[in-house]
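Student: pasting a predicted model and its sequence here:
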Amino acid sequence: MNLLLKIWRQNNSASRGSLVDYPISGIEGDMSFLEMLDVLNEQLIAKGEDPVVFDHDCREGICGSCSLMINGEPHGPDRLITTCQLHMRKFKDGDTIVIEPFRASAFPVIKDLMVDRSSFDRIQQAGGYISVNTSGHTVDANAIPIEKEKADESFAAATCIGCGACVAACKNASAMLFTAAKVSQFALLPQGQIEATDRVLNMVKQMDLEGFGNCTNTGACEVECPKGISLENIARMNREYLMASAKG
Ligand code: SF4
Ligand code: FES
């Protein structure tokens, strides 16, 4: 396949970026999208040029690092996959592919296609945990009966990999789907009840402090989420928030 790549190049968050054209040839359909970028970078390095910086780690759809906007869609044209799971067979010979970073003021560009998503870490640190007293007679988690439906819903929420596609897809750059998934995975379980009030209040407060936008229910986040995190989690977080506010 011969392709024209239009890639966002930007030195750092303070500098202005622009799209730069890179024609590339010899791309196989079985290559992953990131392998295609590896080929480009090898060619750039061989020519003594600056390789394109992009984030990746597991390359198996697990870590959530690979955050690319491909032809205007977070993680590209396929559904329920991350950028590292996207294959070049989704494109055809002669295609132009526009590759940009996930854009949000709360995700400043580090360089080129790599953004700083530590705002997500700070939301998680604000309440995405449970406390377990490990001194004395700790009850084995398996000894606490949990309805199958709730366990399944909690597990589904816990599959969020923190990639940020929901933010990139949202016209308001809202982080509601991410935050709601992290609140829900605990709100559905008895182990999550002890800190439930503080958790939702603190995580939502941190989300707002980081500068993410409000949710206006467009649903773009759910469509682009590689893990199929449901909008129902946002409704659950809103209920949790209302209950916690009434208690406070
Ligand atoms: S909710 Fe989905 S899109 Fe958003 S961070 Fe989690 S996995 Fe990524
Ligand atoms: S590199 Fe880990 S999810 Fe893509």
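Tutor: Perfect, thanks for sending it. Ligands and ions are numbered 1, 2, ... in the order given.

Student: next up, the contacts around the residue nearest to the spatial centre of the chain.
Tutor: For the chain, the residue nearest the mean C-alpha position is Cys163 (1.7 Å; CA atoms, centre = their mean). Residues near Cys163 by CB atoms under 8 Å, 6 or more residues apart in numbering: 64-67, 74-75, 82, 226. Where C-beta positions appear, they are placed from N, C-alpha and C, glycine not excepted.

Student: in three-state terms, label it for me.
Tutor: coil (DSSP: H, G, I helix; E, B strand; the rest coil).

Student: per-residue pLDDT, it?
Tutor: Looking at Cys163, its pLDDT is 98.

Student: what are the bridge partners for Ile24, then?
Tutor: Assessed by DSSP bridges, Ile24 has beta-bridge partners Leu3.

Student: Leu19 and Leu113, how far apart?
Tutor: 11 Å (CB to CB, to the nearest Å).

Student: so is the strand or helix carrying Glu42 next to ligand 2?
Tutor: Using DSSP states H and E, Glu42 falls within helix 33-46. No. Counting by CB under 6 Å from any ligand atom, no contacts exist between helix 33-46 and ligand 2, the nearest distance being 7.1 Å.

Student: what's the burial count for Pro77?
Tutor: Pro77 has 13 neighbouring residues, counting by other CB atoms under 10 Å.

Student: pretty sure it sits against Arg89.
Tutor: No. Contact criterion CB atoms under 8 Å: Pro77 and Arg89 do not qualify, at 11.3 Å.

Student: you'd agree Met203 is up against Tyr129?
Tutor: No. The pair Met203 / Tyr129 is not scored as a contact, 10.5 Å apart, by CB under 8 Å.

Student: which one's more surrounded, those two?
Tutor: Met203 (26 against 13).

Student: quick revisit: what touches both of Pro77 and Arg89?
Tutor: With CB under 8 Å, 6+ apart, Pro77 and Arg89 have no common neighbours.

Student: so who does Cys84 touch?
Tutor: Applying CB under 8 Å, 6+ apart, the residues contacting Cys84 are 32-34, 56, 58-61, 66.

Student: tell me the pLDDT of it.
Tutor: pLDDT, read off for Cys84, is 98.

Student: try Gly248
Tutor: 68.

Student: still on that earlier bit, which of Leu19 and Leu113 has more residues huddled nearby?
Tutor: Leu113 (25 against 13).

Student: with adjacent residues omitted, what lies nearest to Cys166?
Tutor: Cys221 (3.6 Å; CB to CB, 6 or more residues apart in numbering).

Student: in this structure, which helix has the most residues?
Tutor: helix 232-247 (DSSP state H).

Student: ok, that helix near ligand 1 or not?
Tutor: No. Judged by CB under 6 Å from any ligand atom, helix 232-247 stays clear of ligand 1, getting no closer than 8.1 Å.
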